[in-house]
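Trainee: Based on what follows, work out the 3D shape:
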Amino acid sequence: MQLPTHKRLMLFSGTANLALAQEVAQCLGMKLGNVEISTFASSETYVRFGESVRGIDAFVIQSMYAPVDQNVMEQMIMIDALKRGSAKRITAVSPFYPYSRQDRKARGREPITAKLMADFYEAAGADRVMAVDLHTGQIQGFFDVPFDHLTALPMLAEHFSDVVDDNEVMIISPDAGGGGWADKWSDHMAEFHGIASQVGFLHKKRRKDARNVTETLAVVGDVKNKVCIVVDDMIDTGGTLTSGVEALLASGAKEVYAAATHAVLSEPAVDSIKNSQLQQLVVTNTLPIDDDKQMDKLVVLSIAPTIASTIKAVFEEGSVSELFHGENQP
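Mentor: Residues are numbered from 1 along each chain as shown. Now for the predicted structure:
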């Protein structure tokens, strides 16, 4: 007996960011797979796939939006159900990797939760994991299965190529540790958009007695009469960004823009950004942005085509790094 060799791709979505998953499916020219997701009275999650998944190449999209722990568990249960349904290969697509900031022990008796998440994915049955713009590249090393790292840098940089002029741009990292990311931005603007830029960073201090609280102490680099673009992987409470805007303008910057892949926008980010002198904040839709977080200064670009092209490359056994010209390496 000889069986025909063929592959079948199916795309499924959790409940956290269904709109993004539907857009990814549309980019791929397909529909999302049928899956029932409900909650028991005890708050436990129930998942059942409504069609055969035997032998398929399954991709499970879930954005880790609040409530994060519930959405994490929902994706893990979906992966487990696929494994027990005999899916041939399961890829967890997590546009915003959960617990990415807890990637090391900064103080005694702290967890490394980013590593714990990697263990969760593998224990659930994921054969491959995808994420967009990790907080730190070392997270890839937490996995024993293939990890595809996507980046939103090209689309974000393309947006600013129409906003800023040459010879007056300064790419600003919100801290010294993000200098490499700022360098990538500067190199990309020069190579693909012909815009020369310098790189600077904000020297900040993070308080140990409170989460998400920082203080900008100094601006490193000559920003006088420059248009500054603050680039980061995420905007959470907005404290680092808004204090950085004040510091840059006080140091003589002409205007300040910002770009981030992940718009977490926890309280009081929206009010802080609205009341700041920031000209524009450009983000992607890796996370859903509710109506109460919308504002005039916010520009949202879609990451769906990037995720779709990566899924297609993985399914067809193509190169992912070539899609990003190598810029997806943190």
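
Trainee: Going along the chain, name the helices of the stretch 201-330 of the chain.
Mentor: 239-250, 269-274, 304-315 (DSSP state H, counting those that start in this stretch).

Trainee: Include mean pLDDT when you put the ones you listed into a markdown table, please.
Mentor: As requested, the helices of the stretch 201-330 of the chain are exported to a markdown table (pLDDT from 0 to 100):
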| stretch | mean pLDDT |
| --- | --- |
| helix 239-250 | 93 |
| helix 269-274 | 96 |
| helix 304-315 | 97 |
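
Trainee: Those helices: which one's closest to Leu32?
Mentor: helix 304-315 (12.5 Å; Cβ to Cβ). Backbone N, C-alpha and C define where each C-beta goes, glycine included.

Trainee: Including distance to Val164 and mean neighbour count, could the helices of the stretch 201-330 of the chain go into a markdown table?
Mentor: Formatted as a markdown table, the helices of the stretch 201-330 of the chain follow (distance: least, Cβ to Cβ, whole Å; neighbours: other Cβ atoms under 10 Å):
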| stretch | distance to Val164 | mean neighbour count |
| --- | --- | --- |
| helix 239-250 | 14 | 21 |
| helix 269-274 | 19 | 18 |
| helix 304-315 | 22 | 20 |
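
Trainee: any chance of the ones you listed in JSON lines, with distance to His203 too?
Mentor: Shown next, in JSON lines, are these (distance: least, Cβ to Cβ, whole Å):
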{"stretch": "helix 239-250", "distance to His203": "9"}
{"stretch": "helix 269-274", "distance to His203": "20"}
{"stretch": "helix 304-315", "distance to His203": "32"}
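
Trainee: among those helices, which is nearest Gln102?
Mentor: helix 239-250 (17.3 Å).

Trainee: so how far is that closest one from its chain's centroid?
Mentor: Distance of helix 239-250 from its chain centroid, counting by Cα atoms, centre = their mean, to the nearest Å, is 23 Å.

Trainee: Now do that helix: which elements does it pack against?
Mentor: strand 197-206, strand 214-220, strand 227-235, strand 255-263, helix 269-274 (3 or more Cβ pairs under 8 Å, 6 or more residues apart in numbering; DSSP states H and E).

Trainee: Could you tell me the least trusted of those?
Mentor: In terms of mean pLDDT, the lowest-scoring of the helices and strands packed on helix 239-250 is strand 214-220 (a mean of 73).

Trainee: on that earlier part again, list just the one of the helices of the stretch 201-330 of the chain that sits closest to Ala92.
Mentor: Ala92 lies closest, by Cβ to Cβ, to one member of those: helix 304-315, at 11.9 Å.

Trainee: Give me the secondary structure label for Ala118.
Mentor: Under DSSP: H, G, I helix; E, B strand; the rest coil, Ala118 falls in the helix class.

Trainee: Could you pull up the residues touching it?
Mentor: Counting by Cβ atoms under 8 Å, 6 or more residues apart in numbering, Ala118 makes contact with 129, 139, 142-143.

Trainee: picking that back up, for the helices of the stretch 201-330 of the chain, which one sits closest to Leu9?
Mentor: Using Cβ to Cβ, the helices of the stretch 201-330 of the chain put helix 304-315 closest to Leu9, at 5.0 Å.

Trainee: Tabulate the CA atom coordinates of the closest one in CSV.
Mentor: Taking Å, rounded to 0.1, in the frame of the first residue of the first chain, the C-alpha atoms of helix 304-315 are listed here in CSV:
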residue,chain,number,x,y,z
ALA,A,304,-1.2,40.1,10.0
PRO,A,305,0.7,40.1,6.6
THR,A,306,4.0,39.5,8.4
ILE,A,307,2.6,36.6,10.4
ALA,A,308,0.8,35.1,7.4
SER,A,309,4.0,35.2,5.2
THR,A,310,5.9,33.5,8.0
ILE,A,311,3.3,30.8,8.4
LYS,A,312,3.4,30.2,4.7
ALA,A,313,7.2,29.9,4.7
VAL,A,314,7.2,27.4,7.6
PHE,A,315,4.4,25.3,6.0
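
Trainee: and that helix, what does it pack onto?
Mentor: strand 9-13, helix 18-28, strand 57-61, strand 89-94, strand 128-132, strand 147-150.

Trainee: Output these in CSV; the columns should cover mean pLDDT.
Mentor: Output for the helices and strands packed on helix 304-315, formatted as CSV (pLDDT from 0 to 100):
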stretch, mean pLDDT
strand 9-13, 98
helix 18-28, 98
strand 57-61, 98
strand 89-94, 98
strand 128-132, 98
strand 147-150, 97
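
Trainee: who wins for proximity to Val300 among the helices and strands packed on helix 239-250?
Mentor: strand 255-263 (7.3 Å).

Trainee: Give the other helices and strands that that closest one contacts.
Mentor: helix 153-161, strand 227-235, helix 239-250, strand 280-284.

Trainee: who wins for proximity to Asp103 among those?
Mentor: Using Cβ to Cβ, those put strand 227-235 closest to Asp103, at 11.9 Å.

Trainee: what angle separates that closest one from strand 280-284?
Mentor: Per axes from the mean of the first three to the mean of the last three Cα atoms, to 10 degrees, the angle that strand 227-235 makes with strand 280-284 is 40 degrees.
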